[in-house]
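Peer 1: After the sequence you'll find the predicted model.
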Amino acid sequence: MPARGENFKLGGSIVDKKVILVTGASSGIGKETSKKLIKQEHIVYCVARRVELMDDLTRLGANIMKVDVSKELDCKNCIDKIINEQGKIDVLINNAGFGCYGPIEGVNLEDAKYEFEVNLFGLARMANLVLPYMRRRSQGRIINVSSIGGKVHSPMGGWYHASKFAVEGLSDCLRMETKEFGVDVVLIEPFYVKTAFFDIAMSYANKATNDESPYRPRVMANNTTLKKTSDGKGLFPGLPVSKVANIIVKATSKKRPKTRYMVGNLARIGRISKRLLSDRMYDWLMLKLMANF
């Protein structure tokens, strides 16, 4: 194993060994990305609230930490520990997030605030903490896992879409602000991915409605569509996490990365549809598709 900060060979080519921090690494995209980065022999710190789900990453050689990105002290202690041990953080992968689904009228505002606390403010909190160290070295990369849901919208996902639209705007501004310091900011925009995301989203939607709710039929239809997506079926078969992880790994190593990576053909179709159709036509189409018509 190369010493800290050294380069190493992978498949006959020289690879720069990086110190990489991945949030939301206990499952799904975060875990798969971590595995691929560890395989490339980078120094990978994997953080999440549920460290009991990361024993496999520990065995692979990851550095595991319990971190709730909604808590300032957790985040600060995490960054301090990595800097004390490694002296730098080359790449921050902001992957922690979840979907709070349900009708905007029905979702408890405390749940909606927590959606933003994790998806937006947690992301910003981690970025703000690593930036001084990246600026000091005049290099670094912040990769924010957003969603095509930050560019397009669907029924019953108002608070989730709002948080991802905010991530898109924040990331675009951050990219301009940090350019002069040698720090890249990259957005990852997948379409639906086969993860536990859908189970969590559906649980929030069910919590936000009851049998008397006028939105209940729409929520049930939405849930059916999301379940099919999670199972890799229906009109929107979910992407395998490996496909998204491959793009994130690529974004960590490219000398000049793209500002954003849309992942999956359906993400491109969704973006094009939003551009070409009128708002009312797009709304009609999405309501039909999400209702399994």
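Peer 2: Thanks, I have it. Computed from a prediction, not measured in an experiment: that's the story for all the values here.
Peer 1: quick one, helices of the stretch 101-250 of the chain?
Peer 2: With DSSP state H, counting those that start in this stretch as the definition, the stretch 101-250 of the chain shows helices at residue ranges 109-116, 123-137, 158-178, 197-208, 216-230, 241-253.
Peer 1: possible to save those helices as JSON lines with mean neighbour count?
Peer 2: For every residue, glycine as well, the C-beta is placed using N, CA and C. Shown next, in JSON lines, are these (neighbours: other CB atoms under 10 Å):
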{"stretch": "helix 109-116", "mean neighbour count": "15"}
{"stretch": "helix 123-137", "mean neighbour count": "18"}
{"stretch": "helix 158-178", "mean neighbour count": "19"}
{"stretch": "helix 197-208", "mean neighbour count": "19"}
{"stretch": "helix 216-230", "mean neighbour count": "18"}
{"stretch": "helix 241-253", "mean neighbour count": "19"}
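Peer 1: what about Arg50, how many residues close to it?
Peer 2: 11 (other CB atoms under 10 Å).
Peer 1: what separates it from Leu92, distance-wise?
Peer 2: Noted for Arg50: a distance of 20 Å to Leu92, by CB to CB, to the nearest Å.
Peer 1: Lys76 now?
Peer 2: The gap separating Lys76 from Leu92 is 14 Å, by CB to CB.
Peer 1: Check Val249 too.
Peer 2: Between Val249 and Leu92 the distance, using CB to CB, works out to 14 Å.
Peer 1: Could you do Gly122 as well?
Peer 2: When distance is defined by CB to CB, Gly122 is 12 Å away from Leu92.
Peer 1: higher neighbour count, those two?
Peer 2: Leu92 (28 against 24).
Peer 1: Got the phi and psi for that one?
Peer 2: The main-chain torsion angles of Leu92 are listed as degrees, to the nearest 10 and equal phi -110, psi 120.
Peer 1: Wait, it touches Met126, no?
Peer 2: Yes. Leu92 is in contact with Met126 according to CB atoms under 8 Å; the separation is 6.0 Å.
Peer 1: hey, what's in contact with both of those two?
Peer 2: Residues touching both Leu92 and Met126 by CB atoms under 8 Å, 6 or more residues apart in numbering: 21, 23.
Peer 1: Let me have the helices of the stretch 101-250 of the chain in TSV, adding mean pLDDT and distance to Ala25 as columns.
Peer 2: Supplementary listing: those in TSV, determined by pLDDT from 0 to 100; distance: least, CB to CB, whole Å:
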stretch	mean pLDDT	distance to Ala25
helix 109-116	97	20
helix 123-137	98	13
helix 158-178	97	18
helix 197-208	88	15
helix 216-230	84	20
helix 241-253	95	11
